[in-house]
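>>> have a look at this fold, sequence not included:
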């Protein structure tokens, strides 16, 4: 067969093979080409879920694809985060992790279900959630200084509620004990609602609760916020000092971010990072979140990675201080 004839016969096959081979690369460069699932570790209506849904809306507009929220609840966030850690790293299964689920849970399990430093691709922090130390409205403690003075004068007498052993509230309380040399006794409840009831029934002297719930109690005249462990005062409780202002060297801040399985392609991370930044700039979003005790606090992927590393180390120390038995 003449060479020219053979080349003419072969050309269509070469072209077809080339196009087929280019398919995956082309699809990758066009990411996303179909809906994205955003896995949330807490139930609908929670602070984390509220932030995640607003984040999903913004991401969807930026990426021009639906971002569907899927709540996978249970085991302190382990179920959701393990699901995402083992998902295909193609950018179509992402997580909206909250601080404790990603950086605390591994410290309180004998066999950690995942390692936040290696099993995920950080994309960015989106919002922050504060916590507050609150007392019943008719509590004899009118200020944080009064409460601290009483706790020092009578070690082991005062009690604080949290929404469970190993919860962020529990560890914040134990870190307060360690930082200030106190012995306030922890009283764990089975959830946020139960801790709220325990506080209002005066079964405990104080509670460490998320800003959203604390703000509702304060707004309804049922509780007073005495202090916050964040680095800066909360706009919800402008009169409540930070722990540091009271001379206690402690500052911690909860958050919700965006992450994917380890090994996400760099170009996918860049697109998601840009989309997250655009979502955070949505007009009116900051004010909307502020009304429910949440704040926009966007970072890039590198910044979020540092936050995860730092908080993982922080909670490891807190678990040791609290003497929590791993399960």
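Structure's in. What do you need? As the structure is a prediction and not an experimental result, all values here were calculated from the model. Numbering: from 1, shown residues only.
>>> from here on, contacts and neighbour counts on C-alpha atoms
OK.
>>> just the helices in the stretch 51-200 of the chain please.
For the stretch 51-200 of the chain, applying DSSP state H, counting those that start in this stretch gives helices covering 78-85, 99, 144-153, 168-180, 192-200.
>>> tell me which of these is the most buried.
Among the helices of the stretch 51-200 of the chain, ranked by average contacts under mean count of other Cα atoms under 10 Å, first place goes to helix 99 (a mean of 24).
>>> start to end distance for stretch 134-152?
As for stretch 134-152, its first-to-last residue distance stands at 18 Å under the measure Cα to Cα, to the nearest Å.
>>> kindly report the same for stretch 74-83.
Stretch 74-83 has its terminal residues 12 Å apart, counting by Cα to Cα.
>>> distance from it to the middle of the chain?
Using Cα atoms, centre = their mean, to the nearest Å, the distance from the centre of stretch 74-83 to the centre of the chain it belongs to is 13 Å.
>>> ditto for stretch 94-103
A distance of 5 Å separates the C-alpha centroid of stretch 94-103 from that of its chain, computed with Cα atoms, centre = their mean.
>>> over to stretch 40-60?
From the chain centre to the centre of stretch 40-60 is a distance of 11 Å (Cα atoms, centre = their mean).
>>> list the contacts of it.
Outside stretch 40-60, the residues within contact range by Cα atoms under 8 Å, 6 or more residues apart in numbering are 38, 66-74, 76-81, 95-98, 101, 126-127, 129, 212, 256, 272, 275-276, 278-280, 282, 289, 294.
>>> can you check stretch 90-104 too?
32, 34-41, 48, 52, 76-78, 80-81, 84, 87, 116, 167-168, 254-261, 264-265, 268, 308, 311-312, 315-316.
>>> got a quick PyMOL command for the buried subset of those?
What follows is the PyMOL syntax selecting those of the contacts of stretch 90-104 that are buried according to 16 or more other Cα atoms under 10 Å:
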select buried, resi 32+36+37+38+39+40+41+48+52+76+77+78+80+81+84+87+116+167+168+254+255+256+257+258+259+260+261+264+268+308+311+312+315+316
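>>> give me the subset of the contacts of stretch 90-104 lying in helices.
When the contacts of stretch 90-104 are checked against helices (DSSP state H), the matches are 48, 52, 78, 80-81, 84, 168, 268, 308, 311-312, 315-316.
>>> what's near enough to touch the nearest residue to residue 159 once chain neighbours are set aside?
Closest residue to residue 159 in three dimensions, ignoring its sequence neighbours and counting by Cα to Cα, 6 or more residues apart in numbering: residue 185, at 4.5 Å. Contacts for residue 185 were tallied using Cα under 8 Å, 6+ apart; they are 156, 157, 158, 159, 160.
>>> contacts only, for the closest residue in space to residue 200 that isn't next to it in sequence.
Once its chain neighbours are removed from consideration, residue 200 has its nearest residue in residue 136; the separation is 6.1 Å (Cα to Cα, 6+ apart). For residue 136, the contacting residues are 199, 200, 202, 205, 206, 222, 223, 224, taking Cα under 8 Å, 6+ apart as the criterion.
>>> just the closest of these to residue 110, please.
Ranking the contacts of residue 136 by separation from residue 110, with Cα to Cα as the measure, puts residue 206 on top at 30.8 Å.
>>> ok, the closest one - contacts?
133, 134, 135, 136, 159, 160, 161, 199.
>>> these two touch, right, the fifth one and residue 177?
Pointing back at residue 159 there. No: the pair residue 159 / residue 177 is not scored as a contact, 11.3 Å apart, by Cα atoms under 8 Å.
>>> which residues are in contact with both of the two?
Both residue 159 and residue 177 are in contact with residue 184, where contact means Cα under 8 Å, 6+ apart.
>>> so which of the helices of the stretch 51-200 of the chain is nearest residue 122?
The closest approach between residue 122 and any of those, judged by Cα to Cα, belongs to helix 78-85 at 11.6 Å.
>>> which other residues reach that closest one?
Under the criterion Cα under 8 Å, 6+ apart, residues 39-41, 71-74, 93-95, 97, 101-102, 105, 113-114, 119-120, 260-262 lie in contact with helix 78-85.
>>> residues touching residue 297, list them.
Residue 297 is in contact with 125, 126, 127, 128, counting by Cα under 8 Å, 6+ apart.
>>> could you give the bridge partners of the first one?
The reference is to residue 125. In this structure, residue 125 has beta-bridge partners residue 257, where bridges are defined by DSSP bridges.
>>> what pLDDT does it get?
According to the predicted model, the pLDDT of residue 125 comes to 96.
>>> correct me if wrong: it contacts residue 300.
Yes: with contacts counted by Cα under 8 Å, residue 125 reaches residue 300, the gap being 7.2 Å.
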